[in-house]
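Chemist: Give me a model of this one.
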Amino acid sequence: MLASSPTCERVLVLSCHAGAEMKKQNVLALTSKDLHSTWEEQLKSRSHREERVGQSDREKAELLEQRDSKGQQVKKLAEEVCRDEVHLCEELRINFELYKDCERLNRLLSRATKKLRVYEESEMESQLSLQGEMKNNCSEMVSEDGRLRTKLKRRHHYRSEDAGAEKSQFQKARSGYTEMKHLPSTY
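Modeler: I've put the predicted structure just below:
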């Protein structure tokens, strides 16, 4: 066996220690690199999350702005619908009044026509009394005509586009009145 010398032992021990120390440093260097790369990954991940949070906040603000804009549009539309409904109710009321007036005029015209037929069938009645009745009917129709004209002017003020149908009814009644007016008054 070899005799061990204190120097050999010492070299051996130092060499073992140096090997162990190098392993430690290698492990520390690897651990340090791992820690550094882990830290960099976490930093990147955190930065990415912050970007996503910022993007989400911007999208949220944009959506809130769109919601407010749509809310204002809905409110304006609701106000317009309300105004239109009020206007429509007023139009319906006016149309109904005009319809009643036209019906009344048609009845007056019918009565006057009937009286004229009765007069033509029986000429024995006095010409003056019928002329007086005809004048009364005509004056009623003239006053009704004036009243209808006033209503039509008001109606035209509300909505001139919708006056076509009412005017045609009025013109029909007016033409009947005109025909009555042009009848010979010497009966």
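Chemist: In the chain, which helix is the longest?
Modeler: helix 6-121 (DSSP state H).
Chemist: when you compare where the helix or strand harbouring E133 runs with where helix 6-121 runs, what's the angle?
Modeler: Per DSSP states H and E: E133 is located in helix 127-158. Orientation check (axes from the mean of the first three to the mean of the last three C-alpha atoms, to 10 degrees): helix 127-158 against helix 6-121 gives 170 degrees.
Chemist: Tell me the gap between helix 127-158 and the middle of its chain.
Modeler: Using C-alpha atoms, centre = their mean, to the nearest Å, the mean C-alpha position of helix 127-158 is found 44 Å from that of the whole chain.
Chemist: now do stretch 100-110
Modeler: Centre to centre, stretch against its chain (C-alpha atoms, centre = their mean), the figure for stretch 100-110 is 41 Å.
Chemist: Buried ones in it, by neighbour count?
Modeler: By 16 or more other C-beta atoms under 10 Å, the buried positions in stretch 100-110 come out as D101, C102, L105, L108, L109. For the C-beta atoms, the positions are set from N, CA and C on the backbone; glycine is no exception.
Chemist: Quick check: of these, which lies closest to Y119?
Modeler: L109 (15.3 Å; C-beta to C-beta).
Chemist: Please look at that closest one and E144 and confirm they touch.
Modeler: No - counting by C-beta atoms under 8 Å, L109 stays clear of E144, with 10.0 Å between them.
Chemist: Okay, the one residue sitting closest to the centre of the chain and V118: tell me how far apart.
Modeler: The residue lying closest to the centre of the chain (C-alpha atoms, centre = their mean) is L77, at 3.3 Å. Remark: distance between L77 and V118 (C-beta to C-beta, to the nearest Å) = 60 Å.
Chemist: and what of R154?
Modeler: Distance, R154 to V118, by C-beta to C-beta: 37 Å.
Chemist: One more: D101?
Modeler: Applying C-beta to C-beta to D101 and V118 gives a distance of 26 Å.
Chemist: What of K44?
Modeler: 108 Å.
Chemist: Repeat that for C82.
Modeler: Taking C-beta to C-beta, one finds C82 at 54 Å from V118.
Chemist: And K151, by the same measure?
Modeler: Separation of K151 from V118 (C-beta to C-beta) stands at 32 Å.
Chemist: before we move on, what about D68?
Modeler: For D68 relative to V118 (C-beta to C-beta), the value is 75 Å.
Chemist: any idea how far N137 is from K115?
Modeler: Relative to N137, and taking C-beta to C-beta, K115 is found at 7 Å.
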